[in-house]
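Visitor: How does the following fold in three dimensions:
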Amino acid sequence: AAKRTFASEISSDTPGPGAYDSLISPRTQGYAPVKAQRFHYEVEKLPGPADYELSPLMQDTVLRGTFNSKLNNPILA
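Guide: Okay, here's the model as predicted:
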């Protein structure tokens, strides 16, 4: 069995918790400091909704897909 030690028996030459230098560099965040972003992908410019023109027949209509309802199609009427 291991020898038991009590608080009164600990030698006084053991440094306390405040005796250690806990200098932590502010630059390192983990084990391997990395300066590049994770999952950074170069995406070329893709066309958005404003880059397209609707045909004159469709641009002034209110025909839109809605959930669970049916609108009259002015083009087929």
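
Visitor: can you give me the helices for this structure?
Guide: 56-59 (DSSP state H).

Visitor: count of neighbours near Ala50?
Guide: Counted with other Cβ atoms under 10 Å, the neighbours of Ala50 add up to 6. C-beta coordinates here come from the backbone N, C-alpha and C atoms, glycine included.

Visitor: I meant to write His40 there.
Guide: Residues near His40, counting by other Cβ under 10 Å: 6.

Visitor: Give me the distance between it and Gly48.
Guide: 22 Å (Cβ to Cβ, to the nearest Å).

Visitor: One more: Leu54?
Guide: 14 Å.

Visitor: Same check on Lys3?
Guide: 75 Å.

Visitor: Repeat that for Leu23.
Guide: Leu23 is 51 Å from Gly48, by Cβ to Cβ.

Visitor: what does Ser55 give?
Guide: From Ser55 over to Gly48 the distance is 19 Å, taken as Cβ to Cβ.

Visitor: likewise Ile75?
Guide: For Ile75, the distance to Gly48 - Cβ to Cβ - is 25 Å.

Visitor: Kindly report the same for Ala19.
Guide: Taken as Cβ to Cβ, the span from Ala19 to Gly48 is 62 Å.

Visitor: same check, this time on Gln59
Guide: According to Cβ to Cβ, Gln59 and Gly48 sit 17 Å apart.

Visitor: One more: Thr5?
Guide: Using Cβ to Cβ, one gets 72 Å for the distance from Thr5 to Gly48.

Visitor: Look at stretch 40-52 and report the distance between its end residues.
Guide: End-to-end distance of stretch 40-52 (Cα to Cα, to the nearest Å): 28 Å.
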